[in-house]
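1. Sequence first, then the predicted structure, then my questions.
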Amino acid sequence: MRVYHHAIPSQNGAHPLGGSRVFRFHDVQARRRDGAVDTLADADTLARLSAPRRDISGLTLDVPRVMGILNVTPDSFSDGGDNTDLTTAVDRARAMAKDADILDIGGESTRPGAAEVGIDEEIRRTAPVIAAIRSAGIQTPISIDTRKARVAEAALKAGANIVNDVSALTFDPNMAALVAERDVAVCLMHAQGDPEMMQADPRYDNVLLDVFDWLERRIVAAEAAGIARDRIIVDPGIGFGKTLQHNLSLLRGLSLYHDLGLPILLGASRKRFIGTIDEADEAKDRMAGSVAVALHAAAQGAQILRVHDTYETRQALRLQLALSEVD
C-alpha cells in the first residue's frame with residue numbers, strides 16, 4: 001500500500017522544512033490510506049522533505065515569497081474591474097512590487113461559476129499590461145495566470161517569467177510543450193472540475209491524499225512532456241472543487257506536500273471559506289483572515305503565498321520571521 005511521508009512542523013525541529021531557513025520539522029509520519037500511521041525518518045525521506053528547492057526566476061525559496069495578485073478582469077471575485085485600465089494596472093503593479101516578490105497577472109476569472117474567456121480577449125487583457133509593467137521599469141518576476149498556451153506565449157513574449165496554470169496542463173494540449181520549449185517555471189494546481197461546475201458537490205475519498213496523488217500524476221505528465229522537474233511548483237488548489245472541510249483538511253495537512261520534493265504555492269486569499277467561517281460576505285472584508293491563513297501556510301513550509309493584500313501579508317511575515325529569530 002502507498003505510503004505518504006508527512007513532515008510535522010516543529011519550532012525546534014532538527015531539519016529544514018522544504019529547504020526553509022526559518023521553519024523546521026522533527027518527526028515524520030508515514031501515512032497510509034487505511035489510516036495506519038507510523039514514525040519514519042530514513043535518509044531518503046529526510047532529504048526529500050528538507051532539501052533546498054531550486055530558485056524560481058532568481059528568487060531563493062529559503063524564506064516565504066509573496067505573489068501579488070493583479071487581475072485585469074471585469075469579473076474576478078475580489079478585484080474584478082479594479083485594474084482594467086492600463087494606467088491603473090501599472091500603478092497597482094508598482095505599488096505591489098514594493099512588497100511582492102512575484103506579480104501574478106490574470107485575464108480570466110476562475111471563481112466558481114465563471115465562464116471561459118476567449119483566447120484573443122484574454123491576450124488583449126494581459127499582454128499589454130505585462131509589456132507596460134516592463135516598460136515602466138518594474139523588474140519583479142511576473143507569472144501569467146492562464147490555462148491557455150497562446151495566452152501564455154503572448155505573456156512570455158511581453159516579459160512574463162512563470163506560467164501559473166490552474167488546470168495543471170490539462171486544459172490546453174499545447175501548454176506543456178510551450179513551457180518545456182521556453183524552459184520557464186510552471187505552477188501545477190489541483191482542481192476538481194472546471195470553474196463553471198467545480199463547486200457542484202465535490203467529493204473525495206481522502207482529500208489530502210487524493211490531491212497528492214493527482215499532483216504527482218501531473219508532475220509525471222509534465223516531465224514526460226520535457227519540463228524539468230526543478231521547474232515545477234505545486235498548488236493544492238484551495239477552493240477549486242472543495243468544500244469548507246476539504247479546504248481546512250488541506251491547510252491542516254499542507255506540509256504533507258513536501259513529500260513531492262517541490263516548492264508549494266498556497267493561494268487562499270479572500271476566498272469564500274474565510275468568509276464562511278467569519279461571516280464576511282464581501283471578499284474585501286476577508287483580509288485579516290487571509291493573512292492568518294498565509295502565516296499558517298508559511299509555518300507549514302509553503303514557499304510561495306499568493307495574496308491580494310501584499311503590504312499586510314509582507315508586514316505579517318516580517319514579524320513572523322523576526323519572532324523566529326531570522327534576520
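-> Yep, that arrived.

2. Give me the phi and psi angles of residue 102.
-> phi -140, psi 140 (degrees, to the nearest 10).

3. My guess is it contacts residue 65. True?
-> Yes - between residue 102 and residue 65 there is a contact at 6.5 Å, judged by Cβ atoms under 8 Å. Backbone N, C-alpha and C define where each C-beta goes, glycine included.

4. Overlap of the contact sets of those two?
-> The overlap between the contact sets of residue 102 and residue 65 (Cβ atoms under 8 Å, 6 or more residues apart in numbering) consists of 56, 59, 304.

5. which one of the residues you listed is nearest residue 207?
-> Nearest to residue 207, judged by Cβ to Cβ, of the shared contacts of residue 102 and residue 65 is residue 304 at 21.1 Å.

6. Any idea what that closest one is bridged to?
-> Assessed by DSSP bridges, residue 304 has beta-bridge partners residue 65, residue 265.

7. tell me which helix or strand of the protein sits lowest on mean pLDDT?
-> strand 37-39 (a mean of 76; mean pLDDT, DSSP states H and E).

8. can you pull the buried residues of the helix or strand just after that strand?
-> Per DSSP states H and E, the first helix or strand lying C-terminal to strand 37-39 is helix 43-50. In terms of neighbour count (16 or more other Cβ atoms under 10 Å), helix 43-50 has its buried residues at 45, 46, 48, 49, 50.

9. And stretch 283-298, by the same measure?
-> Applying 16+ other Cβ under 10 Å to stretch 283-298 flags 283, 286, 287, 289, 290, 291, 293, 294, 295, 297, 298 as buried.

10. Let's see it as PDB, backbone CA atoms only.
-> Provided in PDB are the C-alpha atoms of stretch 283-298 (Å, rounded to 0.1, in the frame of the first residue of the first chain):
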ATOM      1  CA  ALA A 283     -14.300  39.400  -0.400                       C
ATOM      2  CA  LYS A 284     -12.500  42.600   0.500                       C
ATOM      3  CA  ASP A 285     -13.600  42.100   4.200                       C
ATOM      4  CA  ARG A 286     -11.500  38.900   4.400                       C
ATOM      5  CA  MET A 287      -8.000  40.500   4.600                       C
ATOM      6  CA  ALA A 288      -7.300  39.600   8.200                       C
ATOM      7  CA  GLY A 289      -8.400  36.000   7.700                       C
ATOM      8  CA  SER A 290      -6.300  35.800   4.600                       C
ATOM      9  CA  VAL A 291      -3.200  37.000   6.400                       C
ATOM     10  CA  ALA A 292      -3.900  34.400   9.200                       C
ATOM     11  CA  VAL A 293      -4.000  31.600   6.600                       C
ATOM     12  CA  ALA A 294      -0.900  32.900   4.900                       C
ATOM     13  CA  LEU A 295       1.000  32.800   8.200                       C
ATOM     14  CA  HIS A 296      -0.200  29.300   8.800                       C
ATOM     15  CA  ALA A 297       0.900  28.200   5.400                       C
ATOM     16  CA  ALA A 298       4.300  29.800   5.900                       C
END
